[in-house]
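Participant: all I have is the shape, not the residue letters:
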């Protein structure tokens, strides 16, 4: 399986779990917050604190610039998110790297936050996450 195929499969699995959790009544804002937290913790563990801060800063910039936008309403149900129950399983899948899963989770979380709160509020929230990383509150 190619890297592109592995990433596509990871995204599908994460989105499917997300969709299931929403169907079970878990609030989207809670899922977005949890996914972002999990992603940031993975980034800190995989890349270290400084690289994680840099990555979160870049994510904030992408939100501000409109590069990452909310998922269109008609697409949300199709790609909504299979995240948490599958995350550790994906990490053990042949060839799938933890950093790839963390990056996917961060992108999904950012899109959900934009959809719920708008670009400015989402970028501010991501910036606060960067500050928490610098303070050592993500491990």
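Facilitator: That came through fine. Predicted model, so just to flag it, every value in this text is computed and none were measured.

Participant: rest of the way, CA atoms for contacts and neighbours
Facilitator: Noted.

Participant: let me know the pLDDT of residue 87.
Facilitator: We have a pLDDT of 55 for residue 87.

Participant: one more: the one 3 residues further on?
Facilitator: According to the predicted model, the pLDDT of residue 90 comes to 59.

Participant: for residue 50, same thing?
Facilitator: So, for residue 50, pLDDT stands at 90.

Participant: what's around it, how many residues?
Facilitator: By other C-alpha atoms under 10 Å, the residues close to residue 50 number 14.

Participant: now it: phi and psi?
Facilitator: Residue 50 adopts backbone torsions of phi -60, psi -40, taken as degrees, to the nearest 10.

Participant: contacting residues around it?
Facilitator: Listed by C-alpha atoms under 8 Å, 6 or more residues apart in numbering, the contact set of residue 50 reads residue 134.

Participant: again, but for the one 3 residues further on
Facilitator: Residues counted as contacts of residue 53 (C-alpha under 8 Å, 6+ apart) are 130, 131, 133, 134.

Participant: need the pLDDT of it.
Facilitator: Looking at residue 53, the pLDDT reads 89.
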